[in-house]
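Peer 1: any chance you could fold what I've pasted below:
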Amino acid sequence: MAETFHNRPSVRPILLVDDNPMDVDLTLQAFDEHGMANPIVVCRDGEESLQYLEQHGHPEDPGLPVLVLLDLRLPKVDGIEVLRQARLHPVWKQVPFIILTTSRENVDIAAAYQLGVNSYLVKPVDFGSFSEMVKAIKLYWVLSNQSPFPG
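Peer 2: Numbers count the residues shown, from 1 in each chain. The predicted structure follows:
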């Protein structure tokens with residue numbers, strides 16, 4: 001079941017899909033460090049994220065995220081399949097997706113872009129670099145980018 005961190009219902013959430021508890025904790029810590037106002041909803045496998053997509057498919061739904069951070073290596077359903085399913089839905093194809101993974105494999109990068117990912121980022125190994133990446137995500141995708149959805 002998806003977990004929500006920093007519940008502020010007036011702001012659309014960021015959906016984080018990652019099965020690695022350490023990576024989830026580092027991401028939450030980096031968002032806290034940079035004063036992220038958006039609640040963070042965490043899905044810990046691909047199947048759970050697909051259920052979340054099904055439950056939040058209307059533009060007016062406050063659970064429709066402003067951004068999705070998606071790992072590729074997930075249990076049950078991999079990130080490429082999650083992205084494929086999301087891009088079939090008329091509302092979810094408008095939601096920005098960022099692949100945030102350890103994979104530098106050309107086949108993964110090509111598949112993600114062919115399915116309409118908005119950005120493909122490789123997770124840095126040290127927290128300082130990771131935190132700077134999260135800051136850049138916040139500045140561009142959350143504060144600067146204009147969402148097609150209200151709220």
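Peer 1: the protein: strands as residue ranges?
Peer 2: 3-5, 14-17, 40-43, 67-70, 97-101, 119-122 (DSSP state E).
Peer 1: got a list of what Y52 touches?
Peer 2: Y52 makes contacts with A2, L15, V41, C43, G63, as judged by C-beta atoms under 8 Å, 6 or more residues apart in numbering. Where you see a C-beta, it was placed from the backbone N, CA and C, and this is true even at glycine.
Peer 1: repeat that with 10 Å
Peer 2: Neighbouring residues of Y52 by C-beta atoms under 10 Å, 6 or more residues apart in numbering: M1, A2, L15, V17, V41, V42, C43, G63, L64, P65, V68, V82.
Peer 1: returning to that earlier point: can you tell me which of the strands of the chain the model trusts least?
Peer 2: Ranked by mean pLDDT, these end with strand 3-5 at the bottom, a mean of 63.
Peer 1: hey, which helix is longest across the protein?
Peer 2: For the chain, the helix that runs over the most residues, judged by DSSP state H, is helix 21-33.
Peer 1: same list (the strands of the chain) but as JSON lines, adding distance to P150 and mean neighbour count.
Peer 2: Formatted as JSON lines, the strands of the chain follow (distance: least, C-beta to C-beta, whole Å; neighbours: other C-beta atoms under 10 Å):
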{"stretch": "strand 3-5", "distance to P150": "20", "mean neighbour count": "14"}
{"stretch": "strand 14-17", "distance to P150": "17", "mean neighbour count": "26"}
{"stretch": "strand 40-43", "distance to P150": "18", "mean neighbour count": "23"}
{"stretch": "strand 67-70", "distance to P150": "15", "mean neighbour count": "26"}
{"stretch": "strand 97-101", "distance to P150": "20", "mean neighbour count": "24"}
{"stretch": "strand 119-122", "distance to P150": "23", "mean neighbour count": "16"}
